[in-house]
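> Sequence and predicted structure below; questions after.
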Amino acid sequence: MRNEIAEALKVAQKSKNKHRVSTLRLVLAAIGDRDIALRGNGKDKADNEEVLDILTKMIKQRLESSKIYNEGGRPELERQELEEIEIIREFLPRQLDEQESSAAISEAIEETGAESLRDMGKVMGALKAKYRGQLDMGKAGAAIKQALSG
């Protein structure tokens, strides 16, 4: 995945797409920061799962920023954040739609034998393991909570 992003950066540089270049550089810098942090733990560099987590976190940050810019009447900054989200999403696996998400959550609840809100962590863990980068965990958490309390 790291190589895929680096290749996309090279292509963006050749095509002189400044916004794409800056976004991809931010992504690679975040991955590099994680690599440095992992060296202290005896690990050489971030694996694909950790890169997925980084990308997901970057998208979440940009969604929050775009919302703030929208509320603050700054459409040009909101548009910039949304464009960055689209660039980052290119490197994530296909996102599950609402129906697929519901099915995945139901399956995880069944597999873990979850019966109450106390079991929510088990369900979230199962979803993260199976659908990392494909599922919005914030929305999934709310859906799990509703399913287990109802």
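Arrived safely, thanks for sending. Numbering: from 1, shown residues only.
> ok, and what's touching the helix or strand bottoming out on mean pLDDT in the chain?
None of the helices or strands of the chain scores lower by mean pLDDT, DSSP states H and E than helix 137-149, at a mean of 86. Contact partners of helix 137-149, identified using C-beta atoms under 8 Å, 6 or more residues apart in numbering, comprise 56, 60, 101-102, 104-106, 108-109, 114-117, 119-120, 123-124, 127-128. All C-beta atoms are positioned from the backbone trio N, CA, C, and that covers glycine.
> now do 7 Å
101-102, 105, 109, 114, 116-117, 119-120, 123-124, 127-128 (C-beta atoms under 7 Å, 6 or more residues apart in numbering).
> what's the offset of that helix from the middle of its chain?
18 Å (C-alpha atoms, centre = their mean, to the nearest Å).
> Output that helix in CSV with nothing but the alpha carbons.
Only the C-alpha atoms of helix 137-149 are listed here, as CSV (Å, rounded to 0.1, in the frame of the first residue of the first chain):
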residue,chain,number,x,y,z
MET,A,137,-16.5,2.5,13.1
GLY,A,138,-18.3,5.5,14.6
LYS,A,139,-21.5,4.6,12.7
ALA,A,140,-21.0,0.9,13.4
GLY,A,141,-20.7,1.7,17.2
ALA,A,142,-24.0,3.5,17.2
ALA,A,143,-25.7,0.6,15.2
ILE,A,144,-24.2,-2.0,17.6
LYS,A,145,-25.4,0.0,20.6
GLN,A,146,-28.9,0.2,19.2
ALA,A,147,-28.9,-3.5,18.3
LEU,A,148,-27.7,-4.6,21.7
SER,A,149,-30.0,-2.4,23.8
